[in-house]
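Enquirer: whatever this is, show me its structure:
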Amino acid sequence: MNILDVYWGENLVGAFSRAGRNEYAFKYSDQWIEKEDAKPISLSLPKTSETYDEVAEYFFFNFLPEGFYRERICTALGLGSIDDFGLLSKIGAECAGAISLIQHGQKVEESGYYSLININNIVETNVDISNIILFEGDDLHFSLAGAQDKVAVKYDGVNLYRPIGTAPSTHIVKPQNKIFNNTVELEFFAMKLGDMCGLNVPQVEIKYIKDQPLYIVSRYDRVILQDGTVAKIHQEDFCQALGVDKLNKYQKDGGPSLSTCFSVLNRCAVPHAAKSEFLKMVAFNVCTGNVDFHGKNFSILYSGEKPSLSPCYDLVPVTIYPKCKNTKMSMDIGGAFDINSITVKNIKALADTVNINRRTVSDIFEDVCSNIIDKAPQCLKICKSIIKSKSALKDTGRATFESTKRATQIAHCLGKGGA
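Expert: Residues are numbered from 1 along each chain as shown. Model prediction:
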């Protein structure tokens, strides 16, 4: 049997084990169960003496990266690409949030250290910066879910440092996507626009190394304390909270719908505020053409007695890509999956589905549309002062136009159709 000890920060929570090829189990430790103020690690894993099997598998394997990014990591680590447990045992020391998975019997290191990623002094002109960031060095921190290339680092505003051991990271770095052009600049644009429109968005920036852009985003599940140490905040995405397999993150595959997402928000400390913020995120995704808002692109944070909705992440206006002809959203809006076919009838149906007053939902969509129409040109101006690539500036301009156009259409639809 293979066993990984599960820690929340420095506290042993339980053990996740593999008995056979596909036989997994998680059990809370007796000490964690007996501790009155100890919380469950997931809404899908209540704190009981029960042994969890399939739902535990879904929770822990949702920490893992996906797709071609995962294949590259497995190759670098000498693993088979289908070995979820083996991959988690290699890269689970620092997952998203505050959960760590350590080989059974080993102690969580009380202190790690940081190694400088020496990219600022690179003199070669044809070096692929992404390979250096992602795949050079020891003890790489890859346990970040998603299909995009990314790595967890410590960033002080100038230099990037690779966390060694269980040293916590402070930022996530994404290089340019190998398939879609200008993803760094487009995600920066969307996140910056979201911030300007009043959404809860972490700090983002673009850093250039030899004219190659890196997207850098501050980790909202990390807090730098007064003494300079980095504290972890536990989080889980909506697939984890709902006990959904990582392969079923899309609604059409049995994954979360907006309705089931609201069942998670009902468990938040202030459900009304969480629902309003969530609807803002949905409206923003629709207007900006980010059709890929699936269950793993929303999370909850455990920073208090009850969870709260996390800030936005992975905002990318994907519909501007000519090769991305799919305009079908990951979740339906009141029965409409096509992003270009949403009507006031669908928004009313959404309100009814999630049991929120129609006028309230309509007002949220109208406010987001109005903010995008007002702020998108200002955001483009900021991007023009930062972005170096003419191609990226052109795509950012298209994203501005498309976002403003869609926001105008939806605002007109709502104004004409009423609540």
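
Enquirer: can you give me the strands for the stretch 1-150 of the chain?
Expert: Ranges of strands within the stretch 1-150 of the chain are 2-8, 11-20, 23-28, 51-52, 99-103, 113-116, based on DSSP state E, counting those that start in this stretch.

Enquirer: out of those, the one nearest residue 349 is which?
Expert: Closest of these to residue 349 is strand 51-52, at 35.6 Å (criterion: Cβ to Cβ). Just so you know, the C-beta spots here come from the backbone N, C-alpha and C atoms, and that holds for glycine as well.

Enquirer: before we move on, back to that, in JSON lines, list the strands of the stretch 1-150 of the chain along with mean neighbour count and distance to residue 178.
Expert: Shown next, in JSON lines, are the strands of the stretch 1-150 of the chain (neighbours: other Cβ atoms under 10 Å; distance: least, Cβ to Cβ, whole Å):
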{"stretch": "strand 2-8", "mean neighbour count": "19", "distance to residue 178": "31"}
{"stretch": "strand 11-20", "mean neighbour count": "18", "distance to residue 178": "32"}
{"stretch": "strand 23-28", "mean neighbour count": "20", "distance to residue 178": "32"}
{"stretch": "strand 51-52", "mean neighbour count": "17", "distance to residue 178": "37"}
{"stretch": "strand 99-103", "mean neighbour count": "20", "distance to residue 178": "29"}
{"stretch": "strand 113-116", "mean neighbour count": "14", "distance to residue 178": "25"}
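
Enquirer: which among those strands is found nearest to residue 162?
Expert: Nearest to residue 162, of the strands of the stretch 1-150 of the chain and by Cβ to Cβ, is strand 113-116 at 4.7 Å.

Enquirer: ok, back up a step: nearest to residue 320 among the strands of the stretch 1-150 of the chain would be which one?
Expert: strand 99-103 (35.6 Å).

Enquirer: list the pairing partners of the closest one within its sheet, with orientation.
Expert: Here strand 99-103 is paired, per DSSP bridges, with strand 2-8 (antiparallel).

Enquirer: helix or strand for residue 405, which one?
Expert: Assigned by DSSP states H and E, residue 405 falls within helix 390-417.

Enquirer: output the contacting helices and strands for that helix.
Expert: Counting contacts by 3 or more Cβ pairs under 8 Å, 6 or more residues apart in numbering; DSSP states H and E, helix 390-417 is packed against helix 183-196, helix 271-288, helix 344-353, helix 358-384.

Enquirer: tell me which of those helices sits most buried.
Expert: Ranked by mean neighbour count, these are led by helix 183-196 with a mean of 25 (mean count of other Cβ atoms under 10 Å).

Enquirer: any idea of the mean pLDDT in it?
Expert: Helix 183-196 shows a mean pLDDT of 97.

Enquirer: before we move on, back to that, same list (the strands of the stretch 1-150 of the chain) but as CSV, adding mean pLDDT and distance to residue 412.
Expert: Output for those, formatted as CSV (pLDDT from 0 to 100; distance: least, Cβ to Cβ, whole Å):
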stretch, mean pLDDT, distance to residue 412
strand 2-8, 94, 49
strand 11-20, 92, 51
strand 23-28, 95, 50
strand 51-52, 96, 49
strand 99-103, 89, 46
strand 113-116, 85, 52
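
Enquirer: now these in TSV, with distance to residue 256?
Expert: Putting these into TSV (distance: least, Cβ to Cβ, whole Å) gives the following:
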stretch	distance to residue 256
strand 2-8	24
strand 11-20	23
strand 23-28	21
strand 51-52	20
strand 99-103	20
strand 113-116	36
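
Enquirer: can you tell which of those strands is closest to residue 386?
Expert: Minimum separation from residue 386 across the strands of the stretch 1-150 of the chain (Cβ to Cβ) falls at strand 113-116, 24.7 Å.

Enquirer: from the chain's centroid, how far away is the closest one?
Expert: In terms of Cα atoms, centre = their mean, to the nearest Å, the centre of strand 113-116 is found 25 Å from the chain centre.

Enquirer: then stretch 215-222?
Expert: 10 Å.

Enquirer: alpha carbons of that stretch, as CSV, please.
Expert: Output in CSV follows, covering the C-alpha atoms of stretch 215-222 (Å, rounded to 0.1, in the frame of the first residue of the first chain):
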residue,chain,number,x,y,z
TYR,A,215,2.4,36.7,-16.8
ILE,A,216,2.9,37.0,-13.1
VAL,A,217,-0.1,36.9,-10.7
SER,A,218,0.0,37.2,-6.9
ARG,A,219,-1.3,34.2,-5.1
TYR,A,220,-4.5,35.0,-3.2
ASP,A,221,-4.0,31.9,-1.1
ARG,A,222,-0.8,33.2,0.3
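
Enquirer: and the helices in the stretch 201-350 of the chain?
Expert: Counting by DSSP state H, counting those that start in this stretch, the stretch 201-350 of the chain has helices at residues 238-242, 258-265, 271-288, 344-353.

Enquirer: point out where this protein drops to low pLDDT.
Expert: Confidence mapping of the chain against pLDDT under 70 gives the ranges 1, 69, 81, 109-111, 120-148, 323-325, 416-419.

Enquirer: tell me the domain ranges of it?
Expert: Using automatic domain parsing, the domain ranges for the chain come out as 2-103, 113-218, 235-417.

Enquirer: mind putting these into JSON lines with distance to residue 228?
Expert: Formatted as JSON lines, those follow (distance: least, Cβ to Cβ, whole Å):
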{"stretch": "domain 2-103", "distance to residue 228": "17"}
{"stretch": "domain 113-218", "distance to residue 228": "10"}
{"stretch": "domain 235-417", "distance to residue 228": "20"}
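
Enquirer: so for residue 225, which of those domains sits nearest?
Expert: Across the domains of the chain, closest to residue 225 is domain 113-218 (Cβ to Cβ), at 11.0 Å.
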